[in-house]
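Chemist: Sequence unavailable; structure follows:
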Ligand SMILES: [Zn+2]
């Protein structure tokens, strides 16, 4: 009989049991920090050493090579309260930008719970998105995305298999790179103006937001194949619609998270929305006229470029992690 009568650990209450531990410790999450084992104990009981190794392996597996104990020592997952007021937490009094604010969100579908409460939490995330958007135009990556030249990807970067799939000029038409512009070529305020134009002429008209289920296409209602789950997705066309998965919003409603966990969840949602918006800027700029008229579907225009020599499939992936202070040569 598994010891199901044992009381749950605080981590279990928040994170649940892990399938690997269900049979022998259903009351444990497996991620409670492990304090150092007394060497005498492991000599007397080789099995406690084994269980410990298993737990440690599990923690490193789900936390990118770290153990909970180590993350705690680094103050990455503090249990202490932060004791900060909401607005101090964000830094300044922030008003969510109109074009991503409540009026743009359809919260009638895909939600569980009180819409007012959910919006209250989502709004805090969108304040963070607002702060990111306020400074993104000063970042050379964003300047390059909007105003950098598009070049064909060098043929050597492709595998022979792909060269056969896209013969002749087809490859150069499909796959592009965008590069940072040399500082001398960038006119002051140019990126901000282009960003504003896209927002005013296109996004204010065409962009809306909704909520989806992680495993279901919100447009067709079909469950994704191969067990695919997404945190968000954007549907492109004359109407651009960003869907955020309910599953990443739900943790924000929990009252048993500590301040650090709550902040991490907010940053995750903000980062996800911001990521989708970076896709949206590229699509909007390429697929609408200067005045904001939709040019119609076009395969080549919609294909996303790579950033410099990055091998990432999506140009946005390397960006948010390096948003604050990454090396950028502009060559
Ligand atoms: Zn993406």
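Modeler: Arrived safely. All figures in this text were calculated on a predicted structure; none of them were measured in a lab.
Chemist: Domain parsing of this structure, as residue ranges.
Modeler: Using automatic domain parsing, the domain ranges for the chain come out as 10-73, 86-321.
Chemist: Pipe these into a markdown table and attach mean pLDDT, mean neighbour count and distance to residue 79 per row.
Modeler: C-betas here are computed from N, CA, C, even on glycine. Conversion of the domains of the chain to a markdown table gives the following (pLDDT from 0 to 100; neighbours: other CB atoms under 10 Å; distance: least, CB to CB, whole Å):
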| stretch | mean pLDDT | mean neighbour count | distance to residue 79 |
| --- | --- | --- | --- |
| domain 10-73 | 83 | 14 | 8 |
| domain 86-321 | 89 | 15 | 6 |
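Chemist: At the geometric centre of this structure, which residue sits there?
Modeler: Centroid check for the chain by CA atoms, centre = their mean gives residue 272 as the closest residue, at 3.1 Å.
Chemist: Okay, strands next: where are they in the stretch 51-200 of the chain?
Modeler: Shown for the stretch 51-200 of the chain, the strands assigned by DSSP state E, counting those that start in this stretch span residues 105-106, 150-152, 176-178.
Chemist: do you know which of the ones you listed lies nearest residue 262?
Modeler: For residue 262, the closest of those is strand 105-106, at 21.0 Å, according to CB to CB.
Chemist: related to what we said a few turns ago, using CSV, please lay out the strands of the stretch 51-200 of the chain together with distance to residue 24.
Modeler: Shown next, in CSV, are those (distance: least, CB to CB, whole Å):
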stretch, distance to residue 24
strand 105-106, 44
strand 150-152, 56
strand 176-178, 52
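Chemist: Ok, which of those comes nearest residue 58?
Modeler: Among the strands of the stretch 51-200 of the chain, if distance is taken as CB to CB, the winner is strand 105-106, at 37.6 Å.
Chemist: counting contacts, what elements does the closest one pack onto?
Modeler: For strand 105-106, the helices and strands in contact under the criterion 3 or more CB pairs under 8 Å, 6 or more residues apart in numbering; DSSP states H and E are strand 207-212.
Chemist: tell me the contacts of residue 218?
Modeler: Residues near residue 218 by CB atoms under 8 Å, 6 or more residues apart in numbering: 110, 210, 211, 212, 233, 235, 243.
Chemist: wait, isn't residue 34 in contact with residue 67?
Modeler: Yes: counting by CB atoms under 8 Å, residue 34 touches residue 67, with 6.6 Å between them.
Chemist: which residues are common contacts for those two?
Modeler: Residues touching both residue 34 and residue 67 (CB under 8 Å, 6+ apart): 56, 59.
Chemist: What separation is there between the closest residue in space to residue 21 that isn't next to it in sequence and residue 73?
Modeler: Sequence neighbours aside, residue 30 is the residue nearest to residue 21 in space, at 5.2 Å (criterion: CB to CB, 6 or more residues apart in numbering). Here residue 30 is placed at a distance of 19 Å from residue 73 (CB to CB, to the nearest Å).
Chemist: before we move on, back to that, is it possible to export the domains of the chain to CSV including distance to residue 80?
Modeler: As requested, these are exported to CSV (distance: least, CB to CB, whole Å):
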stretch, distance to residue 80
domain 10-73, 11
domain 86-321, 8
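Chemist: elements contacting the longest helix seen in the chain?
Modeler: Residue-count comparison of every helix in the chain, with assignments taken from DSSP state H, identifies helix 259-287 as the longest. For helix 259-287, the contact count by 3+ CB pairs under 8 Å, 6+ apart identifies helix 115-136, helix 140-147, helix 190-198, strand 232-235, strand 240-245, helix 246-249, helix 299-302, helix 318-321 as packing neighbours.
Chemist: These into CSV, with extra columns for distance to residue 53?
Modeler: What follows is the helices and strands packed on helix 259-287, written out as CSV (distance: least, CB to CB, whole Å):
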stretch, distance to residue 53
helix 115-136, 38
helix 140-147, 42
helix 190-198, 51
strand 232-235, 37
strand 240-245, 35
helix 246-249, 32
helix 299-302, 49
helix 318-321, 31
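Chemist: Secondary structure of the residue nearest to residue 21: a strand, I assume?
Modeler: No: according to DSSP: H, G, I helix; E, B strand; the rest coil, residue 30 belongs to no strand; its state is coil.
Chemist: List the contacts of it.
Modeler: Contact analysis of residue 30 by CB under 8 Å, 6+ apart lists 17, 18, 20, 21, 55, 58, 59.
Chemist: was I right about residue 203 contacting residue 99?
Modeler: Yes: in this structure, residue 203 sits in contact with residue 99. The criterion is CB under 8 Å, and the distance is 5.4 Å.
Chemist: Distance-wise, check the residue nearest to the centre of the chain relative to residue 245.
Modeler: Applying CB to CB, the value for residue 272 to residue 245 is 8 Å.
Chemist: hey, what's in contact with both of the two?
Modeler: Taking CB under 8 Å, 6+ apart as the contact criterion, the residues that touch both residue 272 and residue 245 are 231, 232.
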